[in-house]
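A.B. asks: Dropping the sequence and predicted coords here.
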Amino acid sequence: MMVEWIGNIAKLSLPTPYAVGDVNVYVVKGDALTLIDAGSRTEESRSSLIRQLAELRLEMNDIEQVLITHHHPDHAGGLDFFTKDINILGHLYNQRWFEMDEDFIELHDQFYKDFSREMGIPDEMLGYINDYRSADRSITNKKLTSFLAEGDDLPGLRGWKIIETPGHAQSHLSFYKESDGIMIGGDHLLAKITPNPLMEPPFKPGEERPKPLLQYNSSLEKCLELPISLVYTGHGEEIRDVPAVIQSGRIRQHERAMRVKKMIEAHPSSGFEICRQLFPKVYQRELGLTLSETVGQLDYLESLGEIAHDSSSSVMIYAINQLQR
């Protein structure tokens, strides 16, 4: 299928080496010709990007700035394709994942080690989670040239606003055009699947760990307050009925949380024990992802007052909240 302009936006789908499949990136005409997200850092992705830009009668050097919705390698790795000096804009939190300096590597590794032990992961399996973001150590050799934050106007794209939508990533941004209700939403909203709210280290050492699923739900509330007519997504097809997609995702999330509650009713458990029950076939191969999902459900149940945790020992144990009985 030929790439074409729809108004001032063109959607390009680029291959990735990841299970999620193709990633969507967007060329947007404005005062500056803008690319939103850049795909993964593979030769297949680069060739596809060049070919699809050519269908729009464009070359790589025509792109004046790149906006990044979040730092994950399927969205930001392709920044390395741009050899000239180019403006790269994104959330401040992206920078540490791009630079991967020694301070952040130390924070990153210590956080996952402490978090893993708190969740009850056996010592012999600690490496499985400590390495699950290791591919990100080579996301890109580029650095952000400017930072974007909630409520700012998008440089070079008049009429577009920045909305911080953390959850799937602490760095996640969505871009909203007020005049016609169009949003370019990265992985915040997807038509067929619910994005994984992924655990990441806090921004500063000693801060409380993020609670990505609760953040994600708050970001969904933010979207429900906007008259969004169309979401251009990071994967898959566009979304036209935002409330319906959000409601469907919330139902699935709540149902999974109630499954977790039943597990805890049967036996107070560590996060790792619950993770193994939820994902018996893949927990070891995808420990970081499955534990993020599990802890998200535990955070959600705690926020409802359904469960409580006991942290008096080195391993946190979750049990039914007796005050709710």
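C.D. replies: Nice, I can see it. Residues are numbered from 1 along each chain as shown.
A.B. asks: any idea of the mean pLDDT for the helix or strand hosting Phe98?
C.D. replies: Secondary structure assigned from DSSP states H and E places Phe98 in helix 94-99. Taken as a whole, helix 94-99 carries a mean pLDDT of 91.
A.B. asks: all strands of the stretch 51-200 of the chain, in order?
C.D. replies: 65-67, 87-90, 146-147, 160-164, 173-177, 182-184 (DSSP state E, counting those that start in this stretch).
A.B. asks: Between the ones you listed, which one is closest to Ser13.
C.D. replies: Among the strands of the stretch 51-200 of the chain, the nearest to Ser13 by Cβ to Cβ is strand 182-184 (14.2 Å). Every residue, glycine included, has its C-beta placed from N, CA and C.
A.B. asks: Have a look at the protein and report its longest helix.
C.D. replies: Secondary structure of the chain read by DSSP state H shows that its longest helix is helix 242-266.
A.B. asks: same for whichever helix or strand comes after that one, what does it pack against?
C.D. replies: Scanning the chain past helix 242-266 towards its C-terminal end, the next helix or strand to appear is strand 269-270 (assignment: DSSP H and E). Contact partners of strand 269-270 among helices and strands, from 3 or more Cβ pairs under 8 Å, 6 or more residues apart in numbering; DSSP states H and E: strand 317-320.
A.B. asks: The strand it packs on - which strands sit beside it in the sheet, and in what orientation?
C.D. replies: Taking DSSP bridges as the criterion, strand 317-320 forms sheet pairs with strand 269-270 (antiparallel), strand 307-310 (antiparallel).
A.B. asks: lowest-confidence helix or strand of the chain?
C.D. replies: For the chain, using mean pLDDT, DSSP states H and E, the weakest element among its helices and strands is helix 126-130, scoring a mean of 68.
A.B. asks: returning to what we had before: name the residues of the longest helix of the chain that come out as buried.
C.D. replies: By neighbour count on 16 or more other Cβ atoms under 10 Å, the buried set for helix 242-266 is Val242, Val245, Ile246, Gly249, Gln253, Arg256, Ala257, Val260, Lys261, Met263, Ile264.
A.B. asks: List the residues that contact the residue nearest in space to the middle of the chain.
C.D. replies: Centrality entry for the chain: nearest residue to the mean C-alpha point is His168, 3.0 Å, by Cα atoms, centre = their mean. His168 makes contact with His70, Gly186, Asp187, His188, Pro195, Asn196, Pro197, Leu198, Pro212, Tyr216, according to Cβ atoms under 8 Å, 6 or more residues apart in numbering.
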